[in-house]
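Engineer: this one's structure only:
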């Protein structure tokens, strides 16, 4: 399992979040603000093993640092990204 750094970073208004999955199962990618409040759910679906990319559009959000987190049955990881308007 892996969660890759988003690209581009900083971004405005959208960025791509790459991730790889070793075993099929449910994948959830959620965006949080710096206070830990949930901003948006990007992915919440069942996927097969492989490498994937999700697009996040932050057009309605304020500039700042956001945390994106992937969660599966076997793996949880978070990374930071910067929205600059």
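Structural biologist: Great, that's in hand. This one's a predicted model, so the numbers in the text were calculated from it and none came from an experiment.
Engineer: Quick check: closest non-adjacent residue to the spatially most central residue of the chain.
Structural biologist: Against the mean C-alpha coordinate of the chain, by C-alpha atoms, centre = their mean, the closest residue is residue 68 at 4.2 Å. Closest residue in space to residue 68, ignoring its immediate chain neighbours: residue 31 at 5.3 Å, by C-beta to C-beta, 6 or more residues apart in numbering. Heads up, the C-betas are built off the backbone N, CA and C, glycines and all.
Engineer: just for the chain, where's the confidence low?
Structural biologist: Within the chain, no stretch has pLDDT under 70.
Engineer: where do the strands sit along it?
Structural biologist: 2-3, 14-21, 25-33, 38-47, 50-57, 64-71, 76-83 (DSSP state E).
Engineer: Given the third one, what are its sheet partners and their directions?
Structural biologist: Paired neighbours of strand 25-33 in the sheet (DSSP bridges): strand 38-47 (antiparallel), strand 64-71 (antiparallel).
Engineer: could I get those strands as TSV with distance to residue 26?
Structural biologist: As requested, the strands paired with strand 25-33 are exported to TSV (distance: least, C-beta to C-beta, whole Å):
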stretch	distance to residue 26
strand 38-47	5
strand 64-71	9
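Engineer: just so I know, which of the ones you listed lies nearest residue 1?
Structural biologist: strand 64-71 (7.8 Å; C-beta to C-beta).
Engineer: Which residues does that closest one contact?
Structural biologist: The contact list for strand 64-71 (C-beta atoms under 8 Å, 6 or more residues apart in numbering) reads 1, 3, 6, 17, 19, 27-34, 36, 39, 42, 56, 58, 76-83.
Engineer: rewinding a little: what bridges to the residue nearest to the centre of the chain?
Structural biologist: residue 31, residue 79.
Engineer: Would you mind measuring from it to residue 29?
Structural biologist: Relative to residue 29, residue 68 is positioned 6 Å away (C-beta to C-beta, to the nearest Å).
Engineer: any common contacting residues for the two?
Structural biologist: Joint contacts of residue 68 and residue 29 (C-beta under 8 Å, 6+ apart) are 17, 42.
Engineer: if we can go back for a sec, out of the strands paired with strand 25-33, which is the most enclosed?
Structural biologist: Mean neighbour count, computed with mean count of other C-beta atoms under 10 Å, is highest for strand 64-71 among the strands paired with strand 25-33, reaching a mean of 18.
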